[in-house]
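Chemist: Predicted model follows, preceded by the sequence.
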Amino acid sequence: MTETARLISSDSASGDMFGLSVAVSGNMVMVGAPQSRISSNPKPPAAYLFIRPGNKWKTMMETENIIAPDAPAKNFFGRSVTISGNMVVVESLGNDKRSSEPGNSLSLCLNIPPIANAVSIRP
């Protein structure tokens, strides 16, 4: 097997767990980074959407960086991702820093490009 491309997040840092979760559908790849950071400063965890340009993959930065609007830095948003057609779901472990809180997921309808209509789904 030969590497054909690298998918790179524009704000990656050591320990952000970029690639912990990956989902592929057609010409799109969603990658979770549940411990994203900018330098040493925590920022909300993220998921990254890559859309294949043309007929072949090439080394590229993400098309969209998805951050939950209400996600604290340590809720592991992006620990699980799924994509099907124009629907993306990104899951978190908890909705705040208290581990007793249930997790939630962010459901997005894609209008390629860009992403629109974010809906937070909570249990």
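Modeler: Thanks, I have the structure now. Source: prediction; values computed, not measured. Residues are numbered from 1 along each chain as shown.
Chemist: wait, Ile51 sits on Met28?
Modeler: Yes: with contact defined as CB atoms under 8 Å, Ile51 counts as touching Met28 (5.4 Å). Using the backbone N, CA and C atoms, a C-beta is placed for each residue, glycine as well.
Chemist: Between the two, tell me which one has more neighbours.
Modeler: Per other CB atoms under 10 Å, whichever of Ile51 and Met28 has more neighbours is Met28, with 20 against 15.
Chemist: and the more buried one, backbone torsions?
Modeler: Met28 adopts backbone torsions of phi -120, psi 140, taken as degrees, to the nearest 10.
Chemist: That one and Arg52 touch, don't they?
Modeler: Yes: counting by CB under 8 Å, Met28 sits close enough to Arg52 to count as a contact (7.3 Å).
Chemist: Which stretches in this structure count as strands?
Modeler: Ranges of strands within the chain are 7-8, 21-25, 28-33, 37-38, 41-42, 46-51, 60-61, 64-66, 80-84, 87-91, 105-110, 115-121, based on DSSP state E.
Chemist: any idea of the mean pLDDT in the fourth one?
Modeler: Mean pLDDT, taken over the full extent of strand 37-38, equals 54.
Chemist: and if you look at the longest one?
Modeler: For strand 115-121, the per-residue pLDDT values average out at 47.
Chemist: same question, stretch 12-23
Modeler: 86.
Chemist: Flag every buried residue along it.
Modeler: Across stretch 12-23, burial judged by 16 or more other CB atoms under 10 Å covers 12-13, 16, 18, 20-21, 23.
Chemist: wait, which of the residues you listed is closest to Ser80?
Modeler: Closest approach to Ser80 among the buried residues of stretch 12-23 (CB to CB): Ser21, at 5.0 Å.
Chemist: Bridging across strands, which residues link to that closest one?
Modeler: Under the criterion DSSP bridges, Ser21 forms beta bridges with Gly32.
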